[in-house]
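Engineer: attaching a predicted model along with its sequence, questions to come.
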Amino acid sequence: MGRSSIAALHLAGHEVVGLARTPQSAAQIAATGAETCLGDVFDLDAMAAGMQGCDAVANLATKVPVGTGALRPGSLKAIDRIRLHGSRVVTEAAQRAGVERIIQQSLSFMYADLDDDWIDEHSPVDVTHATEPVVVAESNVKAIEAAGGTAVSLRFGLITGNDRNSAWLFRRAAAGRAIGLGAEQSWMHVIHPDDVGSAVVHALTAPGGVYNVGAEPVQRRDYVDTIALAAGRRHGHFLPGWVLRLGGEKLEILTRSQRVSSQLFSDRTGWHPYHPKLTPDWFDDLV
């Protein structure tokens, strides 16, 4: 998300400062042409210093467990801390630096399973231990509104393309192993990595609020088969139900039928995805 956003922001003519936890990350950010600020989302002083002179801050920090790592006990502790506490520190740093707009990375996974019905920003959410930190992060950044600022939360679909989790699924599909979760005809909300960056650019002018951001919804059977086809297989396979029971709430949010519409964000900002529909070429970099 960070790399995609830096590229899109530069393309739109913006100057960018990137937060880096290590000198190695700082070197990677510098290679993109962005300025660097050493620190992390829990380092209030470092972030406030790095945000000086900025007009907006995009909090895209996550630490998503990859593959079967998500099933390990405590696998969500790091990402939950980023959302529960990091988002609050980011907001405080922005207020201290006089930044007037925060863009918060969020997830459409929080919506309740609505089968084949369309989901928009007014649809009900289903809060569990797995989704509560996402809801809290959206709430935390709203604190900037008390000082007249603007908070925009982008409820992205599942990032699908050249990210680490997609690469893990791609390797499994290429080996003929199962990758599908949930009912085959249920709906998924997905987004190409490039469209994350373009959405951040458009969020700079969006009215405050929450927005769904992604490509056209895709049924899980089509999602699994598209990955399998890109990996050289005729069709993909689904995991048995006992795996879902083993994963509990962590996997439950990945099986909800969510036919999510991103129309509101398009209407208010003019954003449209470069990759509007999931196709095998989304995985060309993995091939």
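Structural biologist: Ah, there it is. Numbers count the residues shown, from 1 in each chain.

Engineer: hey, which helix or strand in the protein has the poorest pLDDT?
Structural biologist: Of all helical and strand segments in the chain, the minimum by mean pLDDT, DSSP states H and E falls on helix 241-247, at a mean of 77.

Engineer: so which residues make contact with the next helix or strand after it?
Structural biologist: Tracing the chain C-terminally past helix 241-247 and defining elements by DSSP states H and E, one meets helix 249-252 next. Helix 249-252 is contacted by residues Ala70, Leu71, Ser75, Leu76, Thr128, His129, Ala130, Leu181, Val243, Leu244 when judged by C-beta atoms under 8 Å, 6 or more residues apart in numbering. In this view, the C-beta of every residue, glycine as well, is placed from N, C-alpha and C.

Engineer: what comes up buried for stretch 98-108?
Structural biologist: Val99, Glu100, Arg101, Ile102, Ile103, Gln104, Gln105, Ser106, Leu107, Ser108 (16 or more other C-beta atoms under 10 Å).

Engineer: before we move on, back to that, filter the contacts of helix 249-252 down to the buried ones.
Structural biologist: Ser75, Leu76, Ala130, Leu181, Leu244.

Engineer: give me phi/psi at Tyr211?
Structural biologist: Dihedral pair for Tyr211: phi -140, psi 140, per degrees, to the nearest 10.

Engineer: tell me, how many residues neighbour it?
Structural biologist: The number of residues packed near Tyr211 is 27, by other C-beta atoms under 10 Å.

Engineer: that one and Ala151 touch, don't they?
Structural biologist: No. Using C-beta atoms under 8 Å as the test, Tyr211 is too far from Ala151 to be in contact (11.4 Å).

Engineer: in stretch 111-121, what counts as buried?
Structural biologist: Tyr111, Asp113, Leu114, Ile119, Glu121.

Engineer: now distance to Ser5, secondary structure and pLDDT too, for those residues, in JSON lines please.
Structural biologist: Formatted as JSON lines, the buried residues of stretch 111-121 follow (distance: C-beta to C-beta, whole Å; DSSP: H, G, I helix; E, B strand; the rest coil; pLDDT from 0 to 100):
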{"residue": "Tyr111", "distance to Ser5": "24", "secondary structure": "strand", "pLDDT": "97"}
{"residue": "Asp113", "distance to Ser5": "30", "secondary structure": "coil", "pLDDT": "97"}
{"residue": "Leu114", "distance to Ser5": "30", "secondary structure": "coil", "pLDDT": "97"}
{"residue": "Ile119", "distance to Ser5": "25", "secondary structure": "strand", "pLDDT": "98"}
{"residue": "Glu121", "distance to Ser5": "22", "secondary structure": "coil", "pLDDT": "98"}
